[in-house]
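A.B. asks: structure for the following, please:
(one chain, ligands or ions: 2)
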Amino acid sequence: EVERLQVTFRKHTLFGGRRVVRAVNDVSLHIAPGETLGLVGESGSGKSTTGRAILKLVPIESGTVRIEGQDIASVRGKALRTIRSQMQMVFQDPYSSLDPSSTIGASISEPLRVHRAMTRAQMRERVEELLELVGLRPSHADRYPYEFSGGQRQRVVIARALALNPRLIVCDEAVSALDVSTQNQVINLLEDIREKLSLSYLFIAHDLAVVRHISHRVAVMYLGHIVESGPTQRLYQSPAHPYTQALLSAIPVPNPRKRDQARRMVLQGSIPDPSNPPSGCPFHTRCPYAMDVCGQSMPQMTPIDGGGEVACHLQTSGPTLGGRCLDELT
Ligand code: SF4
Ligand code: MG
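C.D. replies: Ligands and ions are numbered 1, 2, ... in the order given. Below you'll find the model as predicted:
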């Protein structure tokens, strides 16, 4: 459970000035046991920083992160190590996340060596069990990373993340470096493992098509803010925030007949400088529906029909600026 999380980076510039970047701004989210929450947005939107802050890998300025009721900010020492072992991360690059000079078995058992008092035989048994869980052969433990394909290496990284029986895995672009058919295999594997172990995932990706298949709910980030969240089906079928609509309209439609019907929404400009964010709604500099109020006040998250929440003045400014107006504009 994440409540009002803020993460700020302070960087010194070449000319002696200071840039302050609020990378994560007032972010709240929750993930139930056994649930996958997708987190999407362009690069620089704060998705990875949110994931890292949850794992206490970057300093939290304010707000709280709780896992199974325990506030991660209040724990130190042994209790912190326990909490850390309950949350693991799987990164994008299966090439750099494994030590090329260590066997697969040594890499997978590394967290066991640090956190558990186990004999060599017990460790070997656990490694073989983990390899089977991710669809690899127990004998693969004695091989080296270069002997494996990208997809197999990512399976090894997943096995290592599972070694300590975590409750939550943050997958940060975990399948982005893989080709489409390998992506599907790894996603199916993650699904099977989640069901078997009733794990939770925070699944971070810029690719909305990938996120759709694995997530129960999805949250959309823009410039450090969550601008919309909701059940996957509702969010993909009737996105409420103009930014979500733009992201979805950029997904290629495979069926040419449907392509004509698909409404294209092209975003103007690029993501603003995060050290100098726009006033009011963070999206107003690129939003085709922006009104005067949008540059002046920050829209608050409000519940929407079909589930979830959205932060947009179109949803809250009364009937004349409701869904009807949105349809006319598109
Ligand atoms: Fe666009 Fe205004 Fe809604 Fe922001 S609040 S997304 S600028 S319409
Ligand atoms: Mg990232």
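
A.B. asks: for the spatially most central residue of the chain, give the beta-bridge partners.
C.D. replies: For the chain, residue 204 is the residue whose C-alpha lies nearest the centre (Cα atoms, centre = their mean; 2.1 Å). Here residue 204 sits in beta bridges with residue 39, residue 172, going by DSSP bridges.

A.B. asks: and the pLDDT at it?
C.D. replies: Residue 204 is assigned a pLDDT of 97 by the prediction.

A.B. asks: is it in contact with residue 172, as I believe?
C.D. replies: Yes. Shown here, residue 204 and residue 172 form a contact pair, counting by Cβ atoms under 8 Å, at 4.7 Å. Bear in mind the C-beta positions are built from the backbone N, C-alpha and C, glycine included.

A.B. asks: so where do the strands sit in the stretch 51-200 of the chain?
C.D. replies: Taking DSSP state E, counting those that start in this stretch as the criterion, the stretch 51-200 of the chain carries its strands at 62-67, 70-71, 87-90, 168-172, 200-204.

A.B. asks: can I get those in CSV with distance to ligand 1?
C.D. replies: Below are the strands of the stretch 51-200 of the chain laid out as CSV (distance: least, Cβ to the nearest ligand atom, whole Å):
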stretch, distance to ligand 1
strand 62-67, 23
strand 70-71, 33
strand 87-90, 31
strand 168-172, 26
strand 200-204, 22
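
A.B. asks: the ones you listed: lowest mean pLDDT?
C.D. replies: strand 70-71 (a mean of 90).

A.B. asks: partners of that one in the sheet?
C.D. replies: By DSSP bridges, strand 70-71 pairs with strand 62-67 (antiparallel).

A.B. asks: the partner strand versus strand 200-204: what angle between them?
C.D. replies: 130 degrees (axes from the mean of the first three to the mean of the last three Cα atoms, to 10 degrees).

A.B. asks: any residues touching strand 62-67, and which ones?
C.D. replies: 1-6, 26-28, 53-54, 56, 71-73, 83, 86-87, 167-168 (Cβ atoms under 8 Å, 6 or more residues apart in numbering).

A.B. asks: now, which of these lie within helices?
C.D. replies: 53, 54, 83 (DSSP state H).

A.B. asks: wait, residue 198 sits on residue 34?
C.D. replies: Yes. Contact criterion Cβ under 8 Å: residue 198 and residue 34 qualify, at 4.2 Å.

A.B. asks: near ligand 1, which residues of the protein are found?
C.D. replies: 241-242, 281, 283-284, 287, 289-291, 294, 299, 312-314 (Cβ under 6 Å from any ligand atom).

A.B. asks: and those residues, which are buried?
C.D. replies: 241-242, 281, 283-284, 287, 289-290, 294, 299, 312-314 (16 or more other Cβ atoms under 10 Å).

A.B. asks: before we move on, the earlier item: what two of the residues of the chain next to ligand 1 are the furthest from one another?
C.D. replies: 241 and 291 (14.6 Å; Cβ to Cβ).
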